[in-house]
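A.B. asks: from the sequence below, what's the structure:
(2 chains)
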2 protein chains.
Amino acid sequence: MEDNTIIGKDIPRTDGRVKATGEAIYTDDIKLPGMLHGKLLRSPVAHARIVNIDVRKARALPGVKCIITGADTPKIKFGNWRLFPATQDEFPLAVDRVRFIGDEVAAVAAIDRETAREALELIKVEYEELPAVFDVDSATAKGAPVLHENSPSNISIDRKIQYGDIEKGFAESDYMHEDVFTVHAVSHAYLEPCSSVAQADIDGRITLWTSTQTPYIVQCLLAATLGLRENDVRVIKPYVGGGFGGKMELRPWEFCAAFMARKTGRPVKFTLTREEELACGRRRHAMKLHSKVGFKKDGTLVAKDLKILLDGGAYNSMGPTATFLCGNFGAMLYRYPNYRFFGQHVYTNKPPAGAMRGFGAPQSLFAAETQMNIAAKELGIDPIDIRIKNAMVTGDEIPDVATISSCGFIESLEEVAKMCDWKKKRKNLKNGKGLGVGCYSFISGGVFNWFNTQYPFSSAEIRAFADGTVHLLTMASDIGQGSDTALKQILAEELGLKMADIRLTAADTAMTPQADLGTWGSRVTLMAGNAVIDAARKIKEQLFGAVSAKFNLNVIFDMECRDGRVHAAGKPDRGMSFGDAVAFVQKTNRGEPLVARGSYTPRGKGLVSPAFSFGAQVAEVDVDKETGNVKVNKMWTAHDCGTVLNHMAVEGQLEGSIQMGLGYALSEQFVMDNGRTLNTTFLDYKMPHAMDMPPGESACIETYEPEGPMGAKEAGEGLASPTAPAIAEAVFHATGYRCKDLPITPEKILKGLGKLED
Amino acid sequence: MEDNTIIGKDIPRTDGRVKATGEAIYTDDIKLPGMLHGKLLRSPVAHARIVNIDVRKARALPGVKCIITGADTPKIKFGNWRLFPATQDEFPLAVDRVRFIGDEVAAVAAIDRETAREALELIKVEYEELPAVFDVDSATAKGAPVLHENSPSNISIDRKIQYGDIEKGFAESDYMHEDVFTVHAVSHAYLEPCSSVAQADIDGRITLWTSTQTPYIVQCLLAATLGLRENDVRVIKPYVGGGFGGKMELRPWEFCAAFMARKTGRPVKFTLTREEELACGRRRHAMKLHSKVGFKKDGTLVAKDLKILLDGGAYNSMGPTATFLCGNFGAMLYRYPNYRFFGQHVYTNKPPAGAMRGFGAPQSLFAAETQMNIAAKELGIDPIDIRIKNAMVTGDEIPDVATISSCGFIESLEEVAKMCDWKKKRKNLKNGKGLGVGCYSFISGGVFNWFNTQYPFSSAEIRAFADGTVHLLTMASDIGQGSDTALKQILAEELGLKMADIRLTAADTAMTPQADLGTWGSRVTLMAGNAVIDAARKIKEQLFGAVSAKFNLNVIFDMECRDGRVHAAGKPDRGMSFGDAVAFVQKTNRGEPLVARGSYTPRGKGLVSPAFSFGAQVAEVDVDKETGNVKVNKMWTAHDCGTVLNHMAVEGQLEGSIQMGLGYALSEQFVMDNGRTLNTTFLDYKMPHAMDMPPGESACIETYEPEGPMGAKEAGEGLASPTAPAIAEAVFHATGYRCKDLPITPEKILKGLGKLED
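C.D. replies: Residues are numbered from 1 along each chain as shown, chains lettered A, B, ... in the order given. All right, here's what the predicted structure looks like:
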């Protein structure tokens, strides 16, 4: 990639300036004439039958224009797993029953937010409380209260993976270790709370502006729950202030905004408060992981048996996928000749867990990486050496699960060791200081078609113009991760144009080509990028033909688009400007515009992902043995994301991942009391701040992923996983306390060191 | 067309309800955050050199954010006739010179309209006045002041048409008649004054919402005058409250809004006042027509020699096209074996004339039809009989000009005669009552590519969905004439769907397919309609293939889309629903959406139009010989618009045409004083009101136009022409006064009757 002009450079984000100046329009910035403001009435109890809802007083409040309850709606259940309709377990508004504190019971639309809020207080709901369960063990115990009748065991879905012979594997092991880990729920804590504005046209068609990662999914599910045709709903994604997995489903307020917009004939806006987001928004799955591993004396992995109970909360949400993925991630990074996984997704009377950055990997890899550190310690092998010994390499296959078509894992381990001077530092650190390593692998988009889309997974349309510009249309959704910039870069590189030559229209289900599955699973750069390249190459073929004809080029000549020109490869004078070439193509088609469509759907890559990233991270900590306080002194990261499309963007992803990883490891958690979230503000919910961020060093191990656009693969999500196990190992290295129960709080450390009683 | 389900029915306008409820968003309804309001400073003198402009005081006024003059702009001339750049004679803001009262000199953008208006008064412009000319005779006289240096004779363009042998024709004539007609300027008087809102993005790209008939033309010319690339400008047409030809060019306020939006970084809106519209807006060309016709004794036309001077005002605007067209229309309706035309477009120091409904035909046909009535009288032949004798028929050709592929003219004459009981009524009317006939022919879009577009003349994209809906995208512009409804009807009929199954996106140059030349010359139904059919047939071919395969149909089977299904022709059970067929096509393409593009560019149809409408109209008047007041008692119209797509829409066009025709004939005129328009409000500018409308009867003579979509052709513009000559003849029939100088005012009638001195 030596001669790339745009790829691999530090390219500023194309949305940077409008965000910095405040010009970027987010959903809550949208104000439409006559717009009403919506509010949701939520259940104050964790589990109950709704006996009666009396809205008469609320309806009489001046300024209230519409109140709906589940009874007013078509009562159609939704859920992302359309492929298995039985998993679709959620109503937009509760029908007869509530299952968690925060479950949506009614919605009000009024002339302003204050009136809507006041009306909520006037709605009288009579509940008949039911026994509730708040953890996976209670929920799966005999005689536990049942949340959903078609899941009498409270297990909504399970998954098995098995290959090799697990019993034989353990029999052949010299050393085995068995642990139970518990990991906790955390918040996405995106800075933009969820917001949606719906407008109904005179024919009842809906336009919904919404802060979402998945416009297409919202379009389909919203249409279904409203009883409309898919294309009677148009979803537009304005600028989005972060999602991290928390905005990839249809949400009750999207339904309520649309339903009430149709009912009132006026636009309706819902914007959640931070309190709502923290009290009852989606969150990362808490899990209970039971893992047993077997090694040879020399550190060679032989077998792993992993059982996970996922605490899904009251509804499936993205839980089925999490159940799949945590089993897949348990088999990653190392060669497990014998592997068994059994995962169960458990209903509890808590806010539903959804997808969150890393999605199954932070939990699964916290257990796996901690066990690797335990084994290294107990077998007397250096933690990095034992990893290198077992590391996956390019060409590895996990039966039915994945083919590893590029892998820079060993190089990442070697590089991170070099960067931090691992062996020397590990030996020399003293006085409460410690060094630990954690690793990750992650997917670059999912293969398994749980949404049951009928369309390509990603699509792109390119319109090329005689003025030398192109218009790229794609339903791909930039939610702050920078995919708009990446897709423009890919297109500019492919067509030899400048970033400023490209106009982008994205994430509007009525205008951009069907379809794109949205932003999740680190799929956008690879999948939408491949769709862009597919379309760009069709454009190029036409340009090449035109230039070849115009310049009477020998048919054996290779051609290229470069520096705004189309010409014989290496011969810039034998060709013409991009715009002139477009005009010439148009002439050959008697005026028809030059337009091409491209798409990408992964095939032949197993059930998980077309490509996998890898990386290793080292944390140095300083533990105050008196207070239990952990200060992270420095982080070193070496990671393989294939071709680096934009160094600046990759660095941004890494820094964000470390921030979230720190919070996950050390400070963030939901404090719950019988299903009620107690810490519902950012004063109580402890995210690391800018001042908490340690200095760091990083290196990109550039491999070339054959399935990726220009060799690129995932760069933003896998890095959410290694930080917690690296810090846990560093704390152990510093103190001798081994944490298997995130987060690593001062209290746990002091208890672990025997300085505080249990 | 017996079995059409949607075509030919009374289909309510799809925009009717939002317009009736006030929900339709017109340009002036658009309010953007931080938006500034613009005002134009206009020349108070008819012809002058600008010596100096001092904006310092205005700039100092609090609330003024931007002031520009011609000196600040790139000084790039524009004009619609891109094919001949020499005709592009207009600057967005005057550079050194003003040429009419109202010429745009400077623009102000301020925080509100009042401040902008106040700032205008603080701008000091020093003019050095130049001699001015206000009529075509003075302007073409020797030594007349010159308006544009590259047109020293003040004639900007001329056109000749000649076929047969004109001298021989007159030599062979038994009877000749020679007249000079003068016709006046009138206003489009669209109810929505011009309005534009421009927004610049952070990269300087422009989005312009504007009340226009021609988004594509505005896009191209705006980009050119700003020095931008075509696709750095996006033009969106909101709902438009009428255009009638007056909104089909780039206008100074569009440039100023865009230029100042880039300069200030804030959106800028301009909305003209009615006073501006009437004082200096575009208007219909005043003309002086010199026409000589020769007949045989039996009424057979032998020759016509037509000379026209067009009063173009200060700039070309659409004058070159008017010059072409009035010569073409002079050769229409009847078979002129020998014909000569010479037209000259003359600059005068008045507001420029532009395109207006009928565009060259009302003027040319007023002369032609009046001469036909004179000849009938003088040869002693019934006015309808003499027309039938000479009427064009299907298959006629005018050399180099037109091929008449369908013509229901004779049928129209016969039908209108029958409807009004012509011969009997004509004989029996007494006491100041009179009956007169006038006829028209009109184009269905233009062929000559004066805009020099590189794209098809019209385009359409159709996206078909598995939910049974389709999305139609087209740049065609509904400006109130109902083309959105017509295009949906055509598509619904072609695909066997309901109107409600179609979503339409139109007239957005960034989103809808390149390109469409806009709304003028009655081109939209025919050209955009043909593009829709072209795309629809490509969709159908794919659906037919899928259904044929799925049902294993014999290859000889014809197929059809009907009633929401796709099936073997006449066998509804051998097929499936439209949506299922789409889904099946998608499967065969491995998920790719079903999308097709279509286009239309007229070829092989001569230089004028692909198709011609025809019609005849009779007016009965009651003239008060004491006051000269003319009351129109009733109108009868029979017209051939090919297949009637929507009776209700055709009727609406007819009624609007009669209203405009009445005003043109009797009451509307600009009262001018040395280049200054004196009647600048609707109190002084006398349009017929609802109470002035006579009752009427009408009949559609349905022919099948082979070049038209489903046989349709023009139905809304030609009818602007016959009313004035019909009324003039009726007045003559009633009083013996023959008017050759529109409008037919009471004063002229009394003078003509010798009751008032000249």
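
A.B. asks: what are the contacting residues of the helix or strand bottoming out on mean pLDDT in chain A?
C.D. replies: Lowest mean confidence among the helices and strands of chain A (mean pLDDT, DSSP states H and E): strand A:402-403, at a mean of 84. Outside strand A:402-403, the residues within contact range by Cβ atoms under 8 Å, 6 or more residues apart in numbering or on different chains are A:328, A:332, A:396-397, A:605-609, A:612. Yep, even glycine has a C-beta here, placed from its N, CA and C like the rest.

A.B. asks: give the pairing partners of that strand; include direction for each.
C.D. replies: Paired with strand A:402-403 in the same sheet, following DSSP bridges, are strand A:397-398 (antiparallel).

A.B. asks: quick revisit: the contacts of strand A:402-403, buried ones only, as a ChimeraX selection?
C.D. replies: Typed into ChimeraX, the line below selects the buried ones among the contacts of strand A:402-403, using 16 or more other Cβ atoms under 10 Å in any protein chain shown:
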select /A:328,332,396,606,608,609,612
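
A.B. asks: where helices are concerned, which of the contacts of strand A:402-403 count?
C.D. replies: Here DSSP state H is the test, and the contacts of strand A:402-403 give A:Asn328 as lying in helices.

A.B. asks: so which of the contacts of strand A:402-403 comes closest to chain B?
C.D. replies: A:Lys605 (15.5 Å; Cβ to the nearest Cβ).

A.B. asks: doesn't A:Ile161 belong to a strand?
C.D. replies: Yes. Judged by DSSP: H, G, I helix; E, B strand; the rest coil, A:Ile161 forms part of a strand.

A.B. asks: quick check: chain neighbours aside, which residue is closest to it?
C.D. replies: Distances taken as Cβ to Cβ, 6 or more residues apart in numbering or on different chains place A:Phe341 nearest to A:Ile161, at 4.2 Å, with adjacent residues excluded.

A.B. asks: name the SS class of the residue in chain A sticking out farthest from the centre, please.
C.D. replies: Largest separation from the mean C-alpha position in chain A: A:Asn552, at 50.3 Å (Cα atoms, centre = their mean). Following three-state DSSP, A:Asn552 is assigned to coil.

A.B. asks: where does pLDDT dip in chain A?
C.D. replies: Within chain A, the ranges that satisfy pLDDT under 70 run A:1-3.

A.B. asks: okay, now the domains of it?
C.D. replies: A:31-130+A:191-242+A:247-280, A:286-444+A:609-752, A:449-600 (automatic domain parsing).

A.B. asks: my read is that A:Gly63 contacts A:Thr115, right?
C.D. replies: Yes. Between A:Gly63 and A:Thr115 a contact is recorded at 3.8 Å, counting by Cβ atoms under 8 Å.

A.B. asks: just want to know which of those two has more residues nearby.
C.D. replies: Higher neighbour count among A:Gly63 and A:Thr115: A:Thr115, with 20 against 14, using other Cβ atoms under 10 Å in any protein chain shown.

A.B. asks: A:Lys31 versus the more buried one, what's the distance?
C.D. replies: Per Cβ to Cβ, to the nearest Å, A:Thr115 is found 17 Å from A:Lys31.

A.B. asks: quick one: contacts for A:Thr333?
C.D. replies: Not Thr; residue A:333 is Leu. Per Cβ under 8 Å, 6+ apart, neighbours of A:Leu333: A:365, A:368, A:387, A:391-392, A:409, A:439-441, A:614.

A.B. asks: what is the nearest of these to chain B?
C.D. replies: Among these, and counting by Cβ to the nearest Cβ, the member closest to chain B is A:Ser441, at 28.5 Å.

A.B. asks: state the helix or strand in which that closest one lies.
C.D. replies: For A:Ser441, the enclosing helix or strand under DSSP states H and E is strand A:433-443.

A.B. asks: and for the residue nearest to A:Ile161, the neighbour number?
C.D. replies: 26.

A.B. asks: A:Gly143 too?
C.D. replies: For A:Gly143, using other Cβ under 10 Å, the count is 6.

A.B. asks: can you check the one 10 residues further on too?
C.D. replies: For A:Ser153, the number of neighbouring residues by other Cβ under 10 Å comes to 14.

A.B. asks: repeat for A:Gly570
C.D. replies: 10.

A.B. asks: ok, now A:Gly604?
C.D. replies: A:Gly604, neighbours per other Cβ under 10 Å, totals 8.

A.B. asks: so who does it touch?
C.D. replies: Per Cβ under 8 Å, 6+ apart, neighbours of A:Gly604: none.

A.B. asks: okay, it and A:Ser405: tell me how far apart.
C.D. replies: 11 Å.

A.B. asks: touching, A:His639 and A:Ser698? I think so.
C.D. replies: Yes. Using Cβ under 8 Å, A:His639 and A:Ser698 qualify as a contacting pair, with a distance of 7.3 Å.

A.B. asks: common neighbours of those two, please.
C.D. replies: With Cβ under 8 Å, 6+ apart, A:His639 and A:Ser698 have common neighbours A:Leu654.

A.B. asks: residues touching stretch A:740-748, excluding its own?
C.D. replies: Under Cβ under 8 Å, 6+ apart, the answer for stretch A:740-748 is A:179-184, A:366-367, A:370, A:627-630, A:664-669, A:724, A:727-728, A:731, A:737, A:739, A:756.

A.B. asks: which parts of it are buried?
C.D. replies: A:740, A:742-746, A:748.

A.B. asks: one step back: quickly note the distance from the residue farthest from the centre of chain A to chain B.
C.D. replies: Separation of A:Asn552 from chain B (Cβ to the nearest Cβ, to the nearest Å): 23 Å.

A.B. asks: which residues touch that residue?
C.D. replies: Contacts of A:Asn552 (Cβ under 8 Å, 6+ apart): none.

A.B. asks: so A:Asp573 belongs to a strand, correct?
C.D. replies: Yes. Counting by three-state DSSP, A:Asp573 is part of a strand.

A.B. asks: noted, bye for now.
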